[in-house]
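# Sharing a model that was predicted from the sequence below.
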Amino acid sequence: MGSEHVQQVAPPSDAQVVDQLRADISAAVDALEPELIEVRRDLHAHPELGFAEQRTTTRISQLLKAEGLRVTPVHPTGLVVDLGPAEPRRRIAVRADIDALPLTETSGLPYASVTGGACHACGHDVHTTCLLGLALALAPHQEWLREQGYAVRLLFQPAEEVMPGGAHALVAAGHLEDVDQVFALHCDPGTDVGQVGLRTGAITAATDVLTVRLTGAGGHTSRPHITQDLTYALATVVTGLPAALSRRVDPRAGLALVWGSIHAGEAGNVIPSTGTASGTLRMLDADVWDSIGPLVDDLVGHLAAPYGVAVEIDHRQGVPPVVNDADAVAHLVSGVTTMVGADAVVPTPQSLGGEDFSWMLRSVPGALARLGTRTPGGTTYDLHRPDLVVDERAIAVGVRTLAGTVLSALVATP
């Protein structure tokens, strides 16, 4: 009898498997895009402020549980989702912030906020939807994750817009302890949709809240010499402190003190007995941020001293700079080029904006990317504007970016 020749077919290589996963996920994103846009519009219409995101948390949880995913609530709001084995050899986390800003929306969109005094003027509804899309796109591939010993943790974080923010709660609860790298996206209305801004090193600034309160004996404006002219003293602090800091701090630190609220008195002929000035103190240098407090106290005291007023200073450290790890940025580059396009990566400058994702990066290496949301040739908005409009094609770009980055980071050699 003649023997049959059986041709052996080699199993696909790891690279081929990952390429197929990319193709499958990309197709899933195409199919999910209309649903994700509708979810984003629902979240946009029902914004909730920090640590009060009850409806948002419930809505996300329902959608995730419908796919059979494990959902862990975070107190008092937010949630964590784990895909893959409980004890993996490698775990990658991705974070999205879910809260809104205390602003009244003026965009005129048909799905504009129906909640007075709250709107998604920073794009957190987009971040949340991108992370939800990642969960839905990865859900069918959990068997592969378990076989490979890979895990993905999705962090739906509350209260990014308040200090201290929700990142503290997630870190304190231990959700970053067994994570190898963590990633996040942030909308950038100054970058065209389809592009993703990347930067190694510091990409945001340290941000503090500073309030100076002066008290003294008020009186009639005709007799300032027998009062403590608090309004004049406050004006001296407001104008003198930024100038003094500019001469006492290395200019390379990029320090900027900007007052947002100044109040003293109610009548033009009355010297008031109290006055306050509140603002933000921002800087690009983390070392300066760690040591700036005593200098601020000293300068305010010296500026107010000639007027005999009492000084109270409330200097609350907010967030350190987000410092992107070089290896994590390399995974973002890989994720964007493989899942979005070779020309989609663009450089981005360091911003003086603050972002509490920085607290996570003090625990785990990772990186933040800027997701372009501007319609090419359209209006350039700014974040925290109540008329902010984003190009919703950015949602699919964001999901692809995150998925490609997660795959790149998972298969990397530990």
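Yep, that arrived.
# so what's the residue nearest to residue 30 when sequence neighbours are not counted up against?
Excluding the flanking residues, the one nearest residue 30 by CB to CB, 6 or more residues apart in numbering is residue 396, at 7.5 Å. (Glycine included, C-beta is placed from N, CA and C.) Neighbouring residues of residue 396 by CB atoms under 8 Å, 6 or more residues apart in numbering: 29-30, 33, 36, 133.
# between those residues, which is closest to residue 17?
residue 29 (18.7 Å; CB to CB).
# Kindly indicate whether that closest one is helix, strand or coil.
Following DSSP: H, G, I helix; E, B strand; the rest coil, we place residue 29 in the helix state.
# okay, now it: neighbour count?
Residue 29 is flanked by 22 other residues according to other CB atoms under 10 Å.
# And it, how close does it get to residue 60?
Separation of residue 29 from residue 60 (CB to CB, to the nearest Å) stands at 18 Å.
# The residue lying closest to residue 256 once chain neighbours are set aside is in what secondary structure piece?
In this structure, residue 256 finds its nearest non-sequential neighbour in residue 282, 5.0 Å apart by CB to CB, 6+ apart. Element membership for residue 282, per DSSP states H and E: strand 274-283.
# Which residue, other than its chain neighbours, is closest to the residue sitting nearest the centre point of the chain?
Central residue of the chain (CA atoms, centre = their mean): residue 355, 4.6 Å from the mean position. Of all residues not flanking residue 355 in the chain, residue 204 sits nearest, at 4.8 Å (CB to CB, 6+ apart).
# Share the number of residues neighbouring that neighbour, please.
Neighbours of residue 204 (other CB under 10 Å): 25.
# i'd like the first residue to be 46 from this point on
Sure thing, new numbering starts at 46, so read that last one as residue 249.
# ok, it touching residue 399?
Yes: applying CB atoms under 8 Å, one finds residue 249 in contact with residue 399, separated by 6.1 Å.
# Just the buried residues of the contacts of residue 441.
When neighbours are counted using 16 or more other CB atoms under 10 Å, the contacts of residue 441 contain these buried positions: 74, 78, 81, 178.
# Show the contacting residues for the residue nearest to residue 400.
366-367, 395-400, 403, 413.
# what does residue 212 give?
Residue 212 sits next to 140, 202, 205, 401-405 when contact means CB under 8 Å, 6+ apart.
# one step back: number of nearby residues for the residue nearest to residue 301?
Using other CB under 10 Å, residue 327 is surrounded by 22 other residues.
# for the worst-scoring helix or strand of the chain on mean pLDDT, which positions count as buried?
Taking mean pLDDT, DSSP states H and E as the measure, the chain has helix 331-336 as its least confident helix or strand, at a mean of 93. Going by neighbour count (16+ other CB under 10 Å), the buried part of helix 331-336 is 331, 333-334.
# just checking, what packs against that helix?
With contacts defined as 3 or more CB pairs under 8 Å, 6 or more residues apart in numbering; DSSP states H and E, helix 331-336 has these neighbours: strand 251-260.
# Just after the strand it packs on, pick out the following helix or strand.
Past strand 251-260, the next helix or strand by DSSP H and E is strand 264-265.
# hang on, the earlier thing: tabulate the contacts of residue 249 in JSON lines, adding columns for distance to residue 212, secondary structure and pLDDT.
Output for the contacts of residue 249, formatted as JSON lines (distance: CB to CB, whole Å; DSSP: H, G, I helix; E, B strand; the rest coil; pLDDT from 0 to 100):
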{"residue": "366", "distance to residue 212": "14", "secondary structure": "coil", "pLDDT": "95"}
{"residue": "367", "distance to residue 212": "11", "secondary structure": "coil", "pLDDT": "97"}
{"residue": "395", "distance to residue 212": "20", "secondary structure": "coil", "pLDDT": "96"}
{"residue": "396", "distance to residue 212": "18", "secondary structure": "coil", "pLDDT": "96"}
{"residue": "397", "distance to residue 212": "19", "secondary structure": "coil", "pLDDT": "94"}
{"residue": "398", "distance to residue 212": "15", "secondary structure": "coil", "pLDDT": "94"}
{"residue": "399", "distance to residue 212": "11", "secondary structure": "coil", "pLDDT": "95"}
{"residue": "400", "distance to residue 212": "9", "secondary structure": "coil", "pLDDT": "97"}
{"residue": "403", "distance to residue 212": "8", "secondary structure": "helix", "pLDDT": "97"}
{"residue": "413", "distance to residue 212": "12", "secondary structure": "strand", "pLDDT": "98"}
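# Brilliant, that's me finished.
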